[in-house]
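> only geometry, no sequence info:
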């Protein structure tokens, strides 16, 4: 008995390669979509009241003062020390030089922990529309480099040798103080806009210049 002739190719089983792939169950996908939609609806439905925004703004102002107070207070001390020596009290010269050096370095986040912490400050979400995140950056810039540089320029005025050198140092100092003034005006403008919007009169941080 003869074997019949095969006309089709021999059967070769397919091989699967790689790790088996687990498909996410449809119920898990649906649950995730419902959760995301719920979070979105909650965030859209809750609008902070004026009272909530005012409370958050007061907290923001408190945090600003905590971050900038030591640098700002140092600027005020440095200006007073410079004026005292320039007015003729040369007995305070040595103390003024030391104070100016310390206060200038204290306006750098690298040397001032509260200021370094403030660099990473997160504005409350209820105040997001008032551009206070930009204000935080402006406050840090007011301290470093402007306040730091201003006090280094005050030190240059104190230690200048001769009228010509003192005049040059004074001109440089006045230009730097004008930068402080402009920066402070920008900061106060943002803060006052927020205060008007939430009917709040929180005291603004004292930024000498």
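That came through, no problem. Quick caveat, the model's predicted, so the values are computed rather than measured. Residues are numbered from 1 along each chain as shown.

> got the residue ranges for the helices in the chain?
Under the criterion DSSP state H, helices of the chain are mapped to 26-45, 50-86, 93-105, 113-119, 132-141, 148-159, 163-198.

> Deepest in the core, which of the ones you listed is it.
Stretch with highest mean neighbour count among the helices of the chain: helix 148-159 (a mean of 22; mean count of other Cβ atoms under 10 Å). The way it works is simple: take the backbone N, C-alpha and C, and place the C-beta from them, glycine included.

> Pretty sure residue 117 sits against residue 67.
Yes - look at residue 117 against residue 67 with Cβ atoms under 8 Å: they come within range, at 6.6 Å.

> sorry, back to before: looking at the helices of the chain, which is nearest to residue 205?
Among the helices of the chain, helix 50-86 comes nearest to residue 205, with 5.0 Å by Cβ to Cβ.

> Report the angle between that closest one and helix 163-198.
Relative orientation of helix 50-86 versus helix 163-198 (axes from the mean of the first three to the mean of the last three Cα atoms, to 10 degrees): 170 degrees.

> follow-up on the earlier one: what's the closest of the helices of the chain to residue 209?
Using Cβ to Cβ, these put helix 163-198 closest to residue 209, at 3.5 Å.

> what packs against that closest one?
The helices and strands touching helix 163-198, judged by 3 or more Cβ pairs under 8 Å, 6 or more residues apart in numbering; DSSP states H and E, are helix 50-86, helix 132-141, helix 148-159.

> Would you mind checking which helix or strand in this protein has the lowest mean pLDDT?
helix 26-45 (a mean of 54; mean pLDDT, DSSP states H and E).

> separation between the closest residue to residue 209 other than its chain neighbours and residue 91?
Using Cβ to Cβ, 6 or more residues apart in numbering and skipping residues adjacent in sequence, the residue nearest residue 209 is residue 180, 3.5 Å away. Distance, residue 180 to residue 91, using Cβ to Cβ, to the nearest Å: 29 Å.

> cool, and residue 187?
Distance from residue 187 to residue 91, by Cβ to Cβ: 37 Å.

> likewise residue 199?
Taking Cβ to Cβ, one finds residue 199 at 51 Å from residue 91.

> likewise residue 192?
Counting by Cβ to Cβ, the separation of residue 192 from residue 91 is 42 Å.

> next one: residue 57
46 Å.

> now do residue 127
Per Cβ to Cβ, residue 127 is found 49 Å from residue 91.

> before we move on, what about residue 185?
From residue 185 to residue 91 the distance is 37 Å (Cβ to Cβ).

> Kindly report the same for residue 106.
Distance from residue 106 to residue 91, by Cβ to Cβ: 24 Å.

> Settle it for me: which of those two has more neighbours?
residue 106 (20 against 10; other Cβ atoms under 10 Å).

> quick one: contacts for that one?
Shown in contact with residue 106 (Cβ atoms under 8 Å, 6 or more residues apart in numbering): 70-71, 74, 112.

> Now with 10 Å, please.
The contact partners of residue 106, taken as Cβ atoms under 10 Å, 6 or more residues apart in numbering, are 70-71, 73-75, 78, 112, 115, 143, 147-148, 151.
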